[in-house]
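In: Sequence first, predicted model second:
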Amino acid sequence: MTEPVTPVTFPPAFLWGAATSAYQIEGAVREDGRTPSIWDTFSHTPGKTAGGEHGDIAVDHFHRYRDDVQLMADLGLTAYRFSVSWSRVQPTGRGPAVQRGLDFYRRLVDELLAHDIKPAVTLYHWDLPQELEDAGGWPERETALRFAEYAQIMGEALGDRVEQWITLNEPWCSAFLGYGSGVHAPGRTDPLASLRAAHHLNLAHGLGTSALRAAMPARNTVAVSLNSSVVRPLSPSTEDLAAVRKIDDLANGVFHGPMLQGAYPETLFAATSSITDWSYVLDGDLALINQPLDALGLNYYTPTLVSAAEEKPSGPRADGHGASEFSPWPGADEVLFHQSPGERTEMGWSIDPTGLHDLIMRYSKLAPGLPLYVTENGAAYDDKPESDGSVHDPERIAYLHGHLRAVRRAIAEGADVRGYYLWSLMDNFEWAYGYGKRFGAVYVDYATLARTPKSSALWYGRAARSGTLPPTNG
């Protein structure tokens with residue numbers, strides 16, 4: 001006789017959400033005063049995105065947001081994390097807001113609240129107003145000051161209705177893919193610029209946190225979403241462990257050090273000394289960055305496996321962040337990246353829920369008492385409709401089940417994890433990959449823009465309504 005399987009049940013107040021970002025779903029790039037962001041410019045530059053695809057229409061969420069919110073409600077979601085298009089609200093990145101731009105987000109928030117869905121607003125998900133990039137972008141200190149002004153505008157506009165706020169999404173990608181390897185907007189390939197950008201993103205986070213708090217009711221919470229890497233050595237050798245240290249500093253310590261501990265890792269300074277003297281870190285900056293947070297968002301997809309190389313590798317980087325002859329890892333040119341064993345998603349990323357558990361436990365210890373949210377987790381698969389129009393994605397169900405079990409295990413071990421945001425609510429523009437990679441729990445027919453919940457969306461909805469993980473086959 002087989003033993004009954006113990007149900008995997010989550011705390012009653014646990015948030016079951018989904019996440020999106022503005023440029024990936026909104027479209028309407030020229031409506032209501034919106035001006036180009038760096039992603040508009042980058043995606044319209046020949047050769048930068050797969051098939052020359054762009055987000056001009058994306059999945060037209062700007063016009064279909066009511067239907068999309070109804071879809072979330074029908075699934076049983078209790079939270080929705082979305083980002084604001086900075087250039088829709090503040091077209092030049094300076095000066096007063098365009099009220100028509102703000103009105104879209106007011107309407108969206110009101111619609112969410114009417115359906116008892118908790119909004120979580122991310123201020124910055126990679127779409128810097130092009131005018132600010134023309135003035136130097138994130139490598140320039142002025143951009144952090146402009147972000148604080150933008151944060152104040154948003155806090156004043158929505159702080160009465162939105163309680164959960166996130167300053168930045170994955171600043172590592174903004175700094176090192178945008179200014180280092182060049183595979184993301186604005187497409188620059190300058191190691192020094194990438195490190196300067198990282199510091200000024202940190203400064204923007206700190207200044208933005210202070211600006212939000214000054215503009216909003218005290219009950220509101222401020223967080224940041226980091227795509228901190230789970231970096232593992234290929235072997236226990238001293239050389240491979242040193243490679244882990246370098247990548248951990250560049251992936252994680254460069255952000256959580258200043259934000260959570262008020263200091264950059266000394267090993268980071270040593271590793272990058274041939275590139276920069278860090279003189280752009282001014283007196284008082286670390287205190288400005290190290291603002292107390294109300295929560296921390298963690299984004300996780302796959303672990304990182306590294307080793308030392310005997311000599312500097314040549315050719316495109318095989319680190320899972322897009323092929324480029326330029327490295328997103330300044331000061332770590334002699335580190336090799338390896339494919340972890342096991343099953344992989346359509347992105348070629350290995351599936352390993354233990355990485356999510358390890359990530360949660362690391363930050364639970366690094367920042368004791370700070371509530372945690374998984375603000376992104378999901379997988380891309382080559383989803384195709386059946387003859388009856390339904391879309392079955394058992395691989396994604398298995399992925400979600402495994403990773404949610406890892407979250408529950410972390411909670412059982414004492415981690416204060418308060419919610420999970422599936423990436424993504426629906427198929428969308430996947431940055432440099434165009435529309436070729438489908439991360440959505442909801443299938444989008446890009447010809448008609450019709451939405452169809454995949455079997456994973458229905459499975460996740462059952463989990464959200466019951467607080468217990470359904471079986472993967474039911």
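Out: In hand now; what should we look at? Since the model is a prediction, treat every value here as computed from it, not as a measurement. Numbers count the residues shown, from 1 in each chain.
In: isn't Ala242 right up against Ala308?
Out: Yes: checked against C-beta atoms under 8 Å, the pair Ala242 and Ala308 is within contact range at 6.4 Å. Where you see a C-beta, it was placed from the backbone N, CA and C, and this is true even at glycine.
In: So the closest residue to Trp126 other than its chain neighbours, which state does it fall into?
Out: Spatial nearest neighbour of Trp126, chain neighbours left out: Ser174 (5.6 Å); criterion: C-beta to C-beta, 6 or more residues apart in numbering. Secondary structure for Ser174, judged by DSSP: H, G, I helix; E, B strand; the rest coil, is helix.
In: how close does Ser174 get to Leu128?
Out: Separation of Ser174 from Leu128 (C-beta to C-beta, to the nearest Å): 8 Å.
In: Show me whatever sits in contact with both of these two.
Out: Any residue near both Ser174 and Leu128 by C-beta atoms under 8 Å, 6 or more residues apart in numbering counts here, and that gives Trp138.
In: Show me the shaky parts of the stretch 1-150 of the chain.
Out: For the stretch 1-150 of the chain, the stretches flagged by pLDDT under 70 are 1-5.
In: Going by residue numbers, what spans are strands in it?
Out: Ranges of strands in the stretch 1-150 of the chain, per DSSP state E, counting those that start in this stretch, are 15-19, 79-83, 118-124.
In: For Leu192, which three-state class applies?
Out: Reduced to three states by three-state DSSP, Leu192 is helix.
In: residue contacts, it?
Out: Contacts of Leu192 (C-beta under 8 Å, 6+ apart): 139, 275-276, 330.
In: Buried subset of these, written for PyMOL?
Out: Selection of buried members from the contacts of Leu192 for PyMOL, criterion 16 or more other C-beta atoms under 10 Å:
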select buried, resi 139+276+330
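In: out of the contacts of Leu192, who's nearest Leu422?
Out: Pro330 (32.5 Å; C-beta to C-beta).
In: Give me the buried positions along stretch 297-309.
Out: 297-308.
In: Could you tell me how far that stretch lies from the centre of the chain?
Out: What separates the centre of stretch 297-309 from the centre of its chain is 15 Å, taken as C-alpha atoms, centre = their mean, to the nearest Å.
In: With just CA atoms, put that stretch into CSV.
Out: What follows is stretch 297-309, C-alpha atoms only, in CSV (Å, rounded to 0.1, in the frame of the first residue of the first chain):
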residue,chain,number,x,y,z
GLY,A,297,12.3,40.6,-4.6
LEU,A,298,14.3,37.7,-6.0
ASN,A,299,14.1,36.6,-9.7
TYR,A,300,15.3,33.1,-10.5
TYR,A,301,15.5,31.0,-13.6
THR,A,302,18.6,28.8,-13.6
PRO,A,303,21.8,28.4,-11.7
THR,A,304,25.2,29.5,-13.0
LEU,A,305,28.1,27.0,-13.3
VAL,A,306,31.6,28.3,-13.6
SER,A,307,35.3,27.3,-13.7
ALA,A,308,38.6,29.0,-14.1
ALA,A,309,40.2,29.0,-17.6
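In: Out of the strands of the stretch 1-150 of the chain, which gets nearest to His357?
Out: When these are compared (using C-beta to C-beta), the closest one is strand 15-19, at 18.8 Å.
In: In TSV, list the buried residues of stretch 297-309 along with secondary structure, distance to Tyr446 and pLDDT.
Out: Converted to TSV, the buried residues of stretch 297-309 look like this (DSSP: H, G, I helix; E, B strand; the rest coil; distance: C-beta to C-beta, whole Å; pLDDT from 0 to 100):
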residue	secondary structure	distance to Tyr446	pLDDT
Gly297	strand	29	99
Leu298	strand	30	99
Asn299	strand	25	98
Tyr300	coil	27	98
Tyr301	coil	23	98
Thr302	coil	26	98
Pro303	coil	31	97
Thr304	strand	31	97
Leu305	strand	34	97
Val306	strand	36	98
Ser307	strand	40	98
Ala308	strand	43	97
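In: so what's Asp319 scoring on pLDDT?
Out: If you check Asp319, the pLDDT there is 74.
In: Let me know the helix or strand that the nearest residue to it once chain neighbours are set aside is in.
Out: Nearest residue to Asp319, sequence neighbours excluded (C-beta to C-beta, 6+ apart): Phe337, at 3.9 Å. Taking DSSP states H and E as the definition, one finds Phe337 inside strand 335-338.
In: residue ranges for the helices of the stretch 201-350 of the chain, please.
Out: 238-248, 254-256, 266-271, 285-289 (DSSP state H, counting those that start in this stretch).
In: where are the low-confidence patches of the stretch 351-474 of the chain?
Out: Under the criterion pLDDT under 70, the flagged ranges of the stretch 351-474 of the chain are 474.
In: For it, just list every one of the strands.
Out: Secondary structure of the stretch 351-474 of the chain by DSSP E, counting those that start in this stretch: the strands cover 372-377, 417-423, 442-444, 451-453.
In: Correct me if wrong: His338 contacts Val306.
Out: Yes: in this structure, His338 is within contact of Val306 by C-beta under 8 Å, at 6.9 Å.
In: which of Ser174 and Leu128 has more neighbours?
Out: With neighbours defined as other C-beta atoms under 10 Å, Ser174 and Leu128 compare such that Ser174 has more, 28 against 24.
In: Touching, that one and Ser194? I think so.
Out: No: Ser174 is beyond contact range of Ser194, at 9.5 Å (criterion: C-beta under 8 Å).
In: that older thread, distance from the strand holding Phe337 to the middle of the chain?
Out: 23 Å.
In: Also stretch 361-370?
Out: With C-alpha atoms, centre = their mean, you get 19 Å for stretch 361-370.
In: Check stretch 110-122 too.
Out: Distance of stretch 110-122 from the chain centroid (C-alpha atoms, centre = their mean) equals 19 Å.
In: who touches it?
Out: Contacting residues not belonging to stretch 110-122 are listed as 15, 17, 21, 65-66, 69-70, 72-73, 77-84, 105, 108-109, 154, 158, 161-169, 225, 375, 421 [C-beta under 8 Å, 6+ apart].
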